[in-house]
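> Sequence first, then the predicted structure:
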Amino acid sequence: MDLEKPPGPPAAAPAGEGCLVVAIRVPVRIVALVLVVPVRMVWDALVVAGRFLNGTLLRPLGRALLWVGRAVFVWPFVGLWRYVLVPFGKGLAWLGKVLAWLGKVLAVLPAIAFYRHVLTPLGHGAVWLYARVLTPIGHVLAAIGAGVRAGVVWLGRCLVVVPSAWLYRWVLTPVGRAIAWCVKGLVWLVATIVTGIGTGLYWIVRILLVLPALAVWRRVLVPVGRVLAIVAREVGDALGHAWRVAGHISLAVGRWLGTLFRWVFVEPVRWVYRRVLTPVGHVVRDTVLRPLGDAARAVGRATGQALAAARVSVRRARADFRRMLLGEPVGEPVGTGKEPQLTHRREPTGPEARTLGSSTTALTKD
């Protein structure tokens, strides 16, 4: 940010600046500084609030909305495409192949056979009829038509073309030349009149409008525009300078407010947490919570032992009830009172079981 940049050296004034520029610059910069400082401080406060909202609210909300959008819009369409449209398209493609094969069998092959065995012989017969019958008749008719056309052409030349050429050469051409000469004279006369009128109007407009407007532009608008350009440039420079100075002022005010908030709120809260809450928490933990935890664990162990004893009693009662109803198992004498031993099914029994106290490898055998 430009707030953290050290202020650079002041820009050198351009050469050739007069007293008017200096007289405009100082009050404009003072007024711009007074007006811009509150705006810059409000802007910096809005920037800080926007960053806080973006980091704590808008970004998680945007991620949640993105996930919801994917779950609502993207994933259903992806599943529809993968598991509905693609299999349906493959089925349509297979159906199209089947229909194409049926069309070839039912339409294309019969059409080819019809063309080869019916239309081709008819075409050869038509070619023979054209070459042997129609062509000689056509030649005879062409000769007759050529004679008739030659007679018509000769009659047209004698009755139409020759009289038309004589009329164009000896009547229409002289009349057209006379009309063209008259039109040229009329055009020259009109052009002369229009040129004179245009020249008069040009000088009238030049004297009455152009020369006064040019004088106003040179003597009034150009100097005023230069002054306004100088004022606009100085106002822009003053606003930029005031914005930078306001940035430094806003940074200093923000740091002062941060330091004040730290010493007024953060440091007392930290001192209370370290000096009061932490020792009290340790005392509560050592005197209340830890004995309660030990008592709860002892109660849990006692409860577990009681539940285990209850489970063993239930097993024995169920075994006695089964023995009373069904009798002793086959192969065991009745009334021995021997109870079945409960063993875990996943643990090996007998001499195959391995324990930490026994060794079964060749390196650790005695």
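Yes, it's here.

> my guess is residue 37 contacts residue 244, does it?
No: using CB atoms under 8 Å, residue 37 makes no contact with residue 244, being 11.3 Å away. The C-beta positions use only the backbone N, C-alpha and C, and glycine is treated the same way.

> which residues of the stretch 201-350 of the chain score low on pLDDT?
Per-residue confidence for the stretch 201-350 of the chain (pLDDT under 70) gives these ranges: 328-350.

> quick one: the helices in it?
With DSSP state H, counting those that start in this stretch, the ranges of helices along the stretch 201-350 of the chain come out as 211-216, 222-261, 267-272, 278-284, 290-326.

> Could you report the neighbour count for residue 238?
As a burial measure, residue 238 scores 22 neighbours (other CB atoms under 10 Å).

> Isn't it up against residue 34?
No: between residue 238 and residue 34 there is no contact under CB under 8 Å: 10.9 Å.

> Now the most centrally placed residue in the chain: which helix or strand?
For the chain, the residue nearest the mean C-alpha position is residue 66 (13.3 Å; CA atoms, centre = their mean). According to DSSP states H and E, residue 66 maps onto helix 59-69.

> Now do the helix or strand that comes right after that helix, average pLDDT.
Toward the C-terminus, helix 59-69 is succeeded by helix 75-80 as the next helix or strand (DSSP H and E). Taken as a whole, helix 75-80 has an average pLDDT of 88.

> Can you work out which other helices and strands pack against helix 75-80?
Where contact means 3 or more CB pairs under 8 Å, 6 or more residues apart in numbering; DSSP states H and E, helix 75-80 is not packed against any helix or strand.

> got a list of contacts for it?
Counting by CB atoms under 8 Å, 6 or more residues apart in numbering, helix 75-80 makes contact with no residue outside itself.

> Distance from the helix or strand following it to the middle of the chain?
The helix or strand immediately downstream of helix 75-80 is helix 86-103, counting by DSSP H and E. A distance of 36 Å separates the centroid of the chain from that of helix 86-103, by CA atoms, centre = their mean, to the nearest Å.

> tell me the mean pLDDT for the helix or strand following helix 86-103?
Next helix or strand after helix 86-103 toward the C-terminus (DSSP H and E): helix 109-114. Mean pLDDT, helix 109-114: 86.

> Show the model's pLDDT score for the residue nearest to the centre of the chain.
Looking at residue 66, its pLDDT stands at 91.

> How about residue 1?
At residue 1, the pLDDT value in this model is 40.

> Over to residue 86?
pLDDT, residue 86: 91.

> same check, this time on residue 352
On pLDDT, residue 352 comes in at 48.

> With the one 10 residues further on instead?
pLDDT for residue 362: 44.

> same deal with residue 124?
Value for residue 124, per-residue pLDDT: 85.

> Likewise for the one 4 residues further on?
Among the per-residue scores, residue 128 shows a pLDDT of 84.

> Quick check: it vs residue 134, distance?
Distance, residue 128 to residue 134, by CB to CB, to the nearest Å: 10 Å.

> Just give me the neighbour total for residue 177.
When neighbours are counted by other CB under 10 Å, residue 177 registers 10.

> nope, residue 40 is what I meant
The burial count for residue 40: 21, using other CB under 10 Å.

> what's the spacing between the residue nearest to it when sequence neighbours are not counted and residue 74?
Distances taken as CB to CB, 6 or more residues apart in numbering put residue 246 closest to residue 40, at 3.4 Å, once the chain neighbours are dropped. Between residue 246 and residue 74 the distance is 47 Å, computed by CB to CB.

> One more: residue 324?
Residue 324 is 67 Å from residue 74, where distance means CB to CB.

> Those two - which one has more neighbours?
Shown here are residue 324 and residue 74; by other CB under 10 Å, residue 74 has more neighbours (11 against 8).

> Tell me which residues touch that one, please.
Contact analysis of residue 74 by CB under 8 Å, 6+ apart lists nothing.

> Repeat the analysis, applying 10 Å as the threshold.
residue 66 (CB atoms under 10 Å, 6 or more residues apart in numbering).

> same question, residue 254
Residues in contact with residue 254 (CB under 10 Å, 6+ apart) are 3, 41, 44, 45, 48.

> Apart from its neighbours in sequence, what residue is nearest the last one?
Taking CB to CB, 6+ apart as the measure, residue 48 lies nearest to residue 254, with 7.7 Å between them; neighbours along the chain are not counted.

> Any figure for the gap between residue 140 and residue 130?
Taking CB to CB as the measure, residue 140 falls 15 Å from residue 130.

> How about residue 230?
Applying CB to CB, the value for residue 230 to residue 130 is 98 Å.
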